[in-house]
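J.: Return a 3D structure for these sequence lines:
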Amino acid sequence: MHELAITVIGPDRTGIVADVAEALAGVGANLTDSTMTRLRGHFTMTLVCTGPTAEEASAALTSLTGLVTSVRSVEPEDEVKTGGEPYVVSVHGADRLGIVAAVTRVVAGAGGNITDLSTRLAGSLYVLLAEVDLPTGSADELAEQLAVAAAELGVEVTLRRAESEIL
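T.: Model prediction:
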């Protein structure tokens, strides 16, 4: 069975999710993982699905006007890796260049794996929220390193253990 990674982006409008899902279902694609969001008037989605070939999925999506799509074959994941403890990093502060780069570099330097990340700019307030898997016992040291980065950036950064009922 083929496994595909698909991206779709275009101006936000009602019905994009239904249009894409119907087009893919029409060629036998089973959507296994997805993330979708609206970004400043543009809708974007990333999907992983199984079933059709990349060519079949691509052909099905070409009929959708106004959308830019990309389809590529990917190797199925061997097994779900749960190599760490789940934490949430949140950042709040004035918007400035380099916030994402600095915070994610600190997390990577501590051996953390970012599993989800979203950002929003609301006026001049910049908000970053990331779910991360951290090596066992590394949270205290990472919190200290994030505090240093936060002071340099002029933002507030918090690190807290993720509660399973929140995720």
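J.: Distance of the nearest residue to G93 once chain neighbours are set aside relative to A147?
T.: Spatial nearest neighbour of G93, chain neighbours left out: V155 (2.8 Å); criterion: CB to CB, 6 or more residues apart in numbering. The way it works is simple: take the backbone N, C-alpha and C, and place the C-beta from them, glycine included. Going from V155 to A147 by CB to CB, to the nearest Å gives 11 Å.
J.: residues shared between the contacts of those two?
T.: Common contact partners of V155 and A147 (CB atoms under 8 Å, 6 or more residues apart in numbering): none.
J.: who's more crowded, the two?
T.: Under the neighbour definition other CB atoms under 10 Å, V155 and A147 were set side by side, and V155 has more, 21 against 15.
J.: circling back: my read is that the residue nearest to G93 contacts A94, right?
T.: Yes: when contacts are counted by CB atoms under 8 Å, V155 is listed as touching A94 (7.2 Å).
J.: Need the residues touching each of the two.
T.: Residues touching both V155 and A94 by CB under 8 Å, 6+ apart: Y126.
J.: hang on, the earlier thing: give the contact list for the residue nearest to G93.
T.: Residues in contact with V155, defined by CB under 8 Å, 6+ apart, are V91, H92, G93, A94, I99, Y126.
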